[in-house]
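Engineer: this one's sequence-less:
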C-alpha cells in the first residue's frame with residue numbers, strides 16, 4: 001500500500017493504537033505481522049522472498065558468529081554476501097543482462113534478438129538486501145548477532161522503512177526494539193507533523209512538478225537550452241520532494257511507535273561541492289556505500305590513483321544499484337568523476353592561498369553552491385532520461401546553450417511554442433516558489449525544528465499544509481520514484 005493511500009491512512013492509526021494497548025511482549029510480533037501484511041498488500045507471493053532471505057541471513061549470521069577458523073569464516077562470509085547479491089541480481093538485473101547481451105549480438109549479426117524474461121521486481125528488495133549484507137559484514141567484523149528471530153525479521157521488514165529506506169543499521173535499531181519505549185505525547189507531537197510535511201512534499205510539490213517533467217522529457221529533442229534547464233530543475237525538485245517526502249512519512253510513522261529513524265536528507269541543494277552533496281543526499285545509502293564498498297575496495301589508503309579508482313567504482317556500482325539500465329550506470333559514473341574532480345580541486349586549493357581564500361569567502365560559497373547545483377541537475381538528466389542518445393543530446397544543448405526553439409514541424413510542439421511566452425514565466429515562478437517553500441518545509445523535517453516549535457505555530461503550519469494539499473491535490477498520485485529501486 002502507498003503511504004499516500006486511504007488504505008495506509010486507516011492502517012497506520014489502527015496499528016499504532018493496537019501497539020500501545022497490547023502487552024509489551026506482544027508489541028514486536030504485532031509490528032512484524034503488520035509489516036508483513038503491509039508488504040503482502042502489493043503482491044502476497046513475495047512474502048516468501050523476504051521471509052526466505054530473513055531465515056537464511058538469520059541462521060547464516062549465527063553460523064558466521066560461531067566459526068572461529070579465519071579461512072572458514074571468510075568463506076562463509078563471502079558465500080553469504082554472494083547469496084544475497086545473487087538473489088538481488090536475479091530479480092533486478094536478469095533482463096538488463098539479457099538485453100545487453102542481445103544488443104551485443106545485434107552488433108555482430110545486424111539484427112537484435114528480443115530476449116526478455118517475465119520477472120517482476122519485488123518492492124524494496126534493494127533496500128532489505130543491503131540491510132542483510134550490512135548485518136553479515138558487521139557479524140564478520142566481530143559484532144554480535146540478533147538473538148531473537150522476531151527482532152531480526154522486524155529489522156528488515158519494519159514497514160515505515162521497508163520499501164525505500166532509509167537503510168537501517170541493525171545495532172541502532174536493535175537497541176530501540178529492546179528498550180520498549182513508553183508512550184509519550186511527544187511521539188504524536190513529532191510524528192504526525194512529520195507525516196503531514198512528507199505528504200505535502202509528495203502530493204503538493206512532487207506530483208504537481210511531475211506533470212511538467214513528463215511533458216518536457218517525453219521528447220527532449222524538441223527543446224532548446226532554456227526549456228531543458230527548466231525541465232532539469234523541475235525534476236531535481238520533483239525527485240527531492242518525492243524521496244524526502246517518503247522518508248519523512250516513514251520517519252513520522254516510526255516515531256508513532258517510539259522509534260527514531262535517522263534523517264536521509266539534509267537540505268542537499270545547499271551543498272557546496274559534490275562530496276558535500278553526498279553527505280546530504282540519501283545519507284543512509286552514501287554511508288552504506290562508503291562503509292561496505294569504498295572502504296573494502298581500499299578506500300583512500302593506497303594513494304591517489306587507487307583512491308580515484310575506488311571512488312569511480314563505488315559510484316558506478318551505486319548507480320547500477322538504482323536501476324537495471326545503462327542510464328543509471330552513466331549517472332553513477334558522472335558522480336564518480338565529479339567526486340574525483342572535487343578531490344583534485346581540493347589538492348589545488350590547498351596549494352594556493354589566494355584560491356583558498358576566495359573559495360572560503362561568502363561569494364565563493366554562493367558560487368560553489370550554484371555550480372554544484374548545476375552539476376547535480378546535469379546528473380539528474382542521465383537519471384531520468386532512459387534513452388542515452390536523448391540524454392546526451394539534452395546535456396549537450398544545456399551546456400552549449402543552444403537556441404530556445406528547435407526547428408520542427410511537430411504539431412504538439414508548435415502548439416506548445418505558441419504558449420511558451422506565457423508558460424515559461426509561469427513555470428519559472430512555480431519553480432521559484434517551490435525553491436522558497438523548500439526552505440521552511442525541509443528545515444521543519446530535516447533540521448528538527450518541529451521539536452522546539454510552539455504548539456500554536458506548529459498547528460497553524462500543519463493546518464496550512466493540509467489545506468494546501470486538499471486544494472492543489474493532483475488528479476492522480478504517482479507511486480514514489482524510489483519504489484522501482
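Structural biologist: Alright, I've got the coordinates. Note that the structure is a prediction, hence the values are computed from the model and not measured.
Engineer: show the backbone phi and psi for residue 223.
Structural biologist: Phi and psi for residue 223, reported as degrees, to the nearest 10, are phi -120, psi 160.
Engineer: hmm, residue 231 and it touching each other?
Structural biologist: Yes: in this structure, residue 223 is within contact of residue 231 by CB atoms under 8 Å, at 7.4 Å. All C-beta atoms are positioned from the backbone trio N, CA, C, and that covers glycine.
Engineer: who touches both of those two?
Structural biologist: Any residue near both residue 223 and residue 231 by CB atoms under 8 Å, 6 or more residues apart in numbering counts here, and that gives residue 216.
Engineer: show me the contacts for the residue nearest the centre of the chain.
Structural biologist: The chain has residue 282 as the residue nearest its centroid, 5.2 Å off, counting by CA atoms, centre = their mean. When contacts are counted by CB under 8 Å, 6+ apart, residue 282 touches 165, 243, 264-265.
Engineer: tell me the pLDDT at it?
Structural biologist: Looking at residue 282, its pLDDT reads 90.
Engineer: same deal with residue 411?
Structural biologist: pLDDT for residue 411: 45.
Engineer: quick one: mean pLDDT over the helix or strand where residue 30 lies.
Structural biologist: Using DSSP states H and E, residue 30 sits in helix 24-40. Average pLDDT, helix 24-40: 92.
Engineer: show me what the next helix or strand after that helix is packed against.
Structural biologist: Downstream of helix 24-40, the next assigned helix or strand under DSSP H and E is helix 47-66. Other helices and strands packing on helix 47-66, by 3 or more CB pairs under 8 Å, 6 or more residues apart in numbering; DSSP states H and E, are helix 24-40, helix 70-109, helix 125-140, helix 149-157.
Engineer: and the ones you listed, which one is worst for confidence?
Structural biologist: helix 70-109 (a mean of 86).
Engineer: show me which residues of that one are buried.
Structural biologist: 73, 76-77, 80-81, 83-84, 87-88, 91-93, 95-96, 98-99 (16 or more other CB atoms under 10 Å).
Engineer: let me know the angle separating it from helix 125-140.
Structural biologist: Angle, helix 70-109 to helix 125-140, by axes from the mean of the first three to the mean of the last three CA atoms, to 10 degrees: 150 degrees.
Engineer: and the helix or strand encompassing residue 250, how far out from the chain middle?
Structural biologist: Assigned by DSSP H and E, residue 250 belongs to helix 225-255. What separates the centre of helix 225-255 from the centre of its chain is 10 Å, taken as CA atoms, centre = their mean, to the nearest Å.
Engineer: so which elements touch it?
Structural biologist: Here helix 225-255 touches helix 185-199, helix 207-217, helix 362-384, helix 388-400, helix 411-446, going by 3+ CB pairs under 8 Å, 6+ apart.
Engineer: roughly how far does the nearest residue to residue 29 once chain neighbours are set aside sit from residue 261?
Structural biologist: Spatially, and ignoring its direct neighbours in sequence, residue 29 is nearest to residue 150 (5.8 Å; CB to CB, 6 or more residues apart in numbering). Residue 150 sits 19 Å away from residue 261, taking CB to CB, to the nearest Å as the criterion.
Engineer: more crowded one of the two?
Structural biologist: Taking neighbours as other CB atoms under 10 Å, residue 150 and residue 261 compare with residue 261 leading, 22 against 14.
Engineer: need the nearest residue in space to residue 58, chain neighbours excluded.
Structural biologist: Of all residues not flanking residue 58 in the chain, residue 152 sits nearest, at 4.9 Å (CB to CB, 6+ apart).
Engineer: can you check residue 365 too?
Structural biologist: Nearest non-adjacent residue to residue 365, counting by CB to CB, 6+ apart: residue 272, 6.1 Å away.
Engineer: give me the phi and psi for the one you found.
Structural biologist: Residue 272 adopts backbone torsions of phi -100, psi -10, taken as degrees, to the nearest 10.
Engineer: that one touches residue 366, doesn't it?
Structural biologist: No: contact criterion CB under 8 Å: residue 272 and residue 366 do not qualify, at 9.3 Å.
Engineer: how near is the residue nearest to residue 133 when sequence neighbours are not counted to residue 126?
Structural biologist: Using CB to CB, 6+ apart and skipping the chain neighbours, the partner closest in space to residue 133 is residue 84 (5.4 Å). Remark: distance between residue 84 and residue 126 (CB to CB) = 11 Å.
Engineer: pLDDT weak spots in this structure?
Structural biologist: 110-112, 116, 403-453, 472-485 (pLDDT under 70).
Engineer: distance of residue 347 from residue 308?
Structural biologist: Residue 347 sits 11 Å away from residue 308, taking CB to CB as the criterion.
Engineer: the two: which has the busier surroundings?
Structural biologist: residue 308 (18 against 9).
Engineer: separation between residue 365 and residue 240?
Structural biologist: Distance of residue 365 to residue 240, given as CB to CB: 21 Å.
Engineer: what's the answer for residue 19, then?
Structural biologist: Distance from residue 19 to residue 240, counting by CB to CB: 31 Å.
Engineer: looking at those two, which one has more neighbours?
Structural biologist: A side-by-side neighbour count of residue 19 and residue 240, using other CB under 10 Å, places residue 240 first with 24 against 18.
Engineer: the more buried one touches residue 265, doesn't it?
Structural biologist: Yes: at 7.4 Å, residue 240 counts as touching residue 265 under the criterion of CB under 8 Å.
Engineer: my read: residue 168 touches residue 284, true?
Structural biologist: Yes: here residue 168 reaches residue 284: they are 7.5 Å apart, a contact under CB under 8 Å.
Engineer: more neighbours, those two?
Structural biologist: Neighbours per residue, other CB under 10 Å: of residue 168 and residue 284, the larger number sits with residue 168, 25 against 22.
Engineer: tell me which residues touch that one, please.
Structural biologist: Applying CB under 8 Å, 6+ apart, the residues near residue 168 are 131, 155, 158, 161, 261, 284.
Engineer: now do the SS call for it.
Structural biologist: Residue 168 carries the three-state label coil when classified by DSSP: H, G, I helix; E, B strand; the rest coil.
Engineer: how about it, phi and psi?
Structural biologist: Per degrees, to the nearest 10, the backbone of residue 168 is at phi -90, psi 160.
Engineer: and it, how far from residue 230?
Structural biologist: In this view, residue 168 and residue 230 are 37 Å apart by CB to CB.
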